[in-house]
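Participant: Below are the sequence and a predicted model; questions follow.
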Amino acid sequence: MAAQVLNGTMVAALIKERVAARVSELAARGIKPGLAAVLVGDNPASKVYVGSKVKTCEALGLYSEEHVLPGDTTTEQLLALVEELNQRDTIDGILVQLPLPPQIETRRILEAVTPAKDVDGFHAINVGRLVRGEEGLFPCTPAGVMEMLDHYQIPLAGAHAVVVGRSDIVGKPMAMMLLHRHATVTICHSRTRDLPAMAREADILIAAIGRTAMITGDYVREGAVVVDVGMNSATTEAEIRQIFPESEWPKRLETLRKKGSTLVGDVEPRTVIEKAAWLTPVPGGVGPLTIAMLMQNTLRAAEMRRA
Ligand code: NDP
């Protein structure tokens, strides 16, 4: 039987509704949570991400502002902006869009954001709080995955979760969140021996790799829950026919003709839907949840700062 869809767009809409309702309660008390998004340079993908974050803020009633700095900005100049935003009372969340240009010391910038406004959850203090199971602000993408697993009531306690990827942004915090919910967690990466065999042990398989359709049916145990965090692109008709089930070909080929590429995850749906019980689509899976969780983190930051 084909896998059921874990619908990230729908879960994200529920999260955003919840946030908007709370934001309007706060508005009655004269409080408007505010997000500052900082973009350095003109990376087209980063521009799109920041644009949609700002637009979502507006839609939910949050205050937002966008700071666009030239590509040759120095670390010191960026630190000065971060410091100004740290001080400003109308700003509850600060987001510095990654990647930053090579001349900027990314780690120094991320550590400069005050932990109370660190809505991406990248500051060492928030990383430590996550590891210790304390209250804090945590990375949006894995937090969104947890919301989705909970929405679909996927059992976590005692389940074997295999996370493929160990980045600070997705893989490591994902593993930690699953661990706190009593899953037995295995973290895999590029040096893992016999990854397909390891992945086949998973009740819950999280792919956060950044390799187009790498996770095929051969990596998936019958009945597993598969979450595809990857965001890659397919640019040829042959790839589309290889990666997607036939039912998706017309729509995907149309997108390819119009845009020159189509969004693909780290999972190959054509073979995985035959094995998995649940699978996230790409697009419409983890992506929308990431933005929804950023809104939720900004709201939480505002509530925690004013508590
Ligand atoms: P990184 O490149 O930082 O990390 C990728 C991880 O995958 C690394 O730990 C790497 O291992 C591992 N890896 C790479 N190749 C292999 C392989 N052949 N076999 C096993 N493991 C491998 O990526 P991110 O974590 O930032 O992102 C992962 C994916 O998720 C990307 O496609 C990204 O675009 C997407 N993403 C999507 C978001 C969303 O909102 N949907 C948000 C953030 C990311 P090693 O450590 O050994 O190098």
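Facilitator: Arrived safely. These figures come from a predicted structure and were not determined experimentally. Numbers count the residues shown, from 1 in each chain.

Participant: next one: the helix or strand containing residue 85 to chain centre, how far?
Facilitator: Under the criterion of DSSP states H and E, residue 85 resides in helix 75-87. Helix 75-87 has its C-alpha centroid displaced from the chain centroid by 25 Å (C-alpha atoms, centre = their mean, to the nearest Å).

Participant: same for it, what does it pack against?
Facilitator: Packing partners of helix 75-87 (3 or more C-beta pairs under 8 Å, 6 or more residues apart in numbering; DSSP states H and E): strand 34-40, strand 63-69, strand 93-96, helix 106-112. The way it works is simple: take the backbone N, C-alpha and C, and place the C-beta from them, glycine included.

Participant: Using CSV, lay out these together with distance to residue 188, mean pLDDT and mean neighbour count.
Facilitator: Listed next are the helices and strands packed on helix 75-87 as CSV, based on distance: least, C-beta to C-beta, whole Å; pLDDT from 0 to 100; neighbours: other C-beta atoms under 10 Å:
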stretch, distance to residue 188, mean pLDDT, mean neighbour count
strand 34-40, 33, 98, 24
strand 63-69, 37, 97, 17
strand 93-96, 29, 98, 27
helix 106-112, 25, 97, 16
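
Participant: got TSV for these, with distance to the ligand too?
Facilitator: Below are those laid out as TSV (distance: least, C-beta to the nearest ligand atom, whole Å):
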stretch	distance to the ligand
strand 34-40	15
strand 63-69	19
strand 93-96	13
helix 106-112	12
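
Participant: Tabulate the ones you listed (JSON lines), appending distance to residue 185.
Facilitator: JSON lines is the format used below for the helices and strands packed on helix 75-87 (distance: least, C-beta to C-beta, whole Å):
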{"stretch": "strand 34-40", "distance to residue 185": "31"}
{"stretch": "strand 63-69", "distance to residue 185": "35"}
{"stretch": "strand 93-96", "distance to residue 185": "28"}
{"stretch": "helix 106-112", "distance to residue 185": "25"}
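
Participant: sorry, back to before: how about residues contacting the helix holding residue 85?
Facilitator: Applying C-beta atoms under 8 Å, 6 or more residues apart in numbering, the contact partners of helix 75-87 are 36, 38, 40, 67, 69, 91, 94, 96, 100, 103-105, 108-109, 112-114, 117.

Participant: Check stretch 188-198 too.
Facilitator: Residues outside stretch 188-198 that contact it (C-beta under 8 Å, 6+ apart): 162-166, 171, 186, 199, 218-219.

Participant: Report the angle between the helix holding residue 85 and strand 63-69.
Facilitator: On the basis of axes from the mean of the first three to the mean of the last three C-alpha atoms, to 10 degrees, helix 75-87 is oriented at 170 degrees to strand 63-69.

Participant: Can you name the residues that contact the closest residue to the ligand within the stretch 1-150 of the chain?
Facilitator: Nearest residue of the stretch 1-150 of the chain to the ligand, counting by C-beta to the nearest ligand atom: residue 141, 4.2 Å away. By C-beta under 8 Å, 6+ apart, residue 141 lies in contact with 169-170, 174, 208, 229, 286, 289-290, 293.

Participant: likewise residue 91?
Facilitator: 34-36, 65, 85, 117 are the contacts of residue 91 under C-beta under 8 Å, 6+ apart.

Participant: now, the most widely separated pair of those residues?
Facilitator: 65 and 117 (13.2 Å; C-beta to C-beta).

Participant: got the residues of the chain near the ligand?
Facilitator: Contact residues, the chain versus the ligand (C-beta under 6 Å from any ligand atom): 141, 164-167, 169-171, 188-192, 195, 208-211, 229-232, 286-287, 290.

Participant: Now that we're looking at residue 30, what pLDDT does it have?
Facilitator: Reported pLDDT at residue 30 in the predicted model: 94.

Participant: show me what contacts it?
Facilitator: Residues near residue 30 by C-beta under 8 Å, 6+ apart: none.

Participant: mind starting the numbering at 38 from now?
Facilitator: Got it, first residue is 38 now, which makes that one residue 67.

Participant: SS state for it?
Facilitator: Assigned by DSSP: H, G, I helix; E, B strand; the rest coil, the conformation of residue 67 is coil.

Participant: and it, what are its phi and psi?
Facilitator: Dihedral angles of residue 67 (phi, psi; degrees, to the nearest 10) stand at phi 80, psi 20.

Participant: Show me the two of the contacts of residue 178 that sit farthest apart.
Facilitator: Checking the contacts of residue 178 with C-beta to C-beta, the most distant pair is 245 and 330, at 15.1 Å.

Participant: quick one on the thing from earlier: quick one: the residue of the stretch 38-187 of the chain closest to the ligand is in a strand?
Facilitator: No. Counting by three-state DSSP, residue 178 is not part of a strand but helix.

Participant: picking that back up, hmm, which of the residues of the chain next to the ligand are the buried ones?
Facilitator: The neighbour count (16 or more other C-beta atoms under 10 Å) marks 178, 201-204, 206-208, 225, 232, 245-246, 266-269, 323-324, 327 as buried among those.
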